[in-house]
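J.: Provided below for reference: sequence and predicted model.
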Amino acid sequence: HELRTPLASLSGFIETLRGHARDDAGAREKFLSIMQAQAGRMARLIDDLLSLSRIELNEHIAPHGEVDLVQVVMDVVDSLGPLARDRGVRLEPVGLPACGQVMAPGDRDQIIQVIQNLVDNAVKYTPSGAAVRIAMRPDVSAAEAAAPGDPRAARFSLLTPDRADDRYCAIRVADAGVGLARAHLPRLTERFYRVEGQKSGERLGTGLGLAIVKHIVNRHRGGLAVESVQGEGAAFTAYFPLVRAEAGAV
């Protein structure tokens, strides 16, 4: 369905351009612009489907290497800064330690994909003049990482790690949008699930971003939680296990 809809739209406009709109320059320009947008949507959808497929294929394999989570957040802020400024939105990192102080075992590209997806979503739903806050809390328990930042918020744990004794770094991305009703929270990582009233215009996405986030976080044996206060915004927290100190280390 997600591919058939834009494909049907493209076919319809092609038929129109070959028919009565053939000699109408204004209509032709309008239809070609819509066709370009639909083709772009299909390309993004295919890219996300391929990405999700690759992630699921290797989800059972623990990633190798160590990732500087502070540097990851800074890199995402730098890369999405121009997009945020174009929308009149500020990106505000909060509580970041120095680079090199918060290390997690993992795949750097995949962790960047997680933070980038969360920040990109937050920018889309934050009105011009407001801010997206990216806060970091290193060295917390799983329960502390998943705890809501606002006692008024509706909260749901989308993914819970199975190792209770690990220490984690929690990265919380909060928007200043309209928020989400409690009923929507459990379904947010379902493929193609979108909240009613947020399916069109500039905010249109592929509906796969949060599914990708969940599978990557699961591969890294981390957790994912969402909280929201309607009318004041939503916040997603992804938390990753920290590199364990070697036995006998001084």
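T.: Ah, there it is.

J.: biggest helix in the chain by residues?
T.: helix 25-57 (DSSP state H).

J.: residues of that one that come out buried?
T.: 31, 35, 38, 41-42, 45, 48-49, 51-52, 55 (16 or more other C-beta atoms under 10 Å). (Each C-beta comes from the backbone N, C-alpha and C, glycine too.)

J.: ok, which pair from these is furthest apart?
T.: Pairwise distances across the buried residues of helix 25-57 (C-beta to C-beta) peak at 36.2 Å, for the pair F31 and I55.

J.: All the helices of this protein, in order from the start?
T.: Counting by DSSP H, the chain has helices at residues 4-18, 25-57, 69-86, 108-125, 142-146, 209-219.

J.: Show me how far the lowest-mean-pLDDT helix or strand in the chain is from its chain's centre.
T.: Sorting the helices and strands of the chain by mean pLDDT, DSSP states H and E puts helix 4-18 at the bottom, at a mean of 78. For helix 4-18, the distance from its own C-alpha centre to the chain's C-alpha centre is 30 Å (C-alpha atoms, centre = their mean, to the nearest Å).

J.: and for that helix, what are the contacting residues?
T.: Helix 4-18 is contacted from outside by 27-28, 31-32, 34-35, 38-39, 41-42, 45, using C-beta atoms under 8 Å, 6 or more residues apart in numbering.

J.: Output the residues you listed in a markdown table, with distance to E144 and pLDDT appended to each entry.
T.: Shown next, in a markdown table, are the contacts of helix 4-18 (distance: C-beta to C-beta, whole Å; pLDDT from 0 to 100):
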| residue | distance to E144 | pLDDT |
| --- | --- | --- |
| A27 | 58 | 80 |
| R28 | 58 | 80 |
| F31 | 54 | 82 |
| L32 | 53 | 85 |
| I34 | 48 | 82 |
| M35 | 50 | 84 |
| Q38 | 45 | 80 |
| A39 | 45 | 83 |
| R41 | 39 | 78 |
| M42 | 42 | 81 |
| L45 | 37 | 80 |
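
J.: Next, work out how far apart V229 and P151 are.
T.: Look at V229 and P151: by C-beta to C-beta, to the nearest Å, they are 10 Å apart.

J.: The two: which is more packed in?
T.: Per other C-beta atoms under 10 Å, whichever of V229 and P151 has more neighbours is V229, with 16 against 9.

J.: show me what contacts the more buried one?
T.: 150, 152-154, 179.

J.: And those residues, which of them are buried?
T.: The buried subset of those - by 16+ other C-beta under 10 Å - is 153-154, 179.

J.: For H60, see how far away K214 is.
T.: Taking C-beta to C-beta, one finds K214 at 15 Å from H60.

J.: Compare those two (neighbour count), which wins?
T.: K214 (20 against 8).

J.: what residues are up against the more buried one?
T.: 158-159, 189, 224 are the contacts of K214 under C-beta under 8 Å, 6+ apart.
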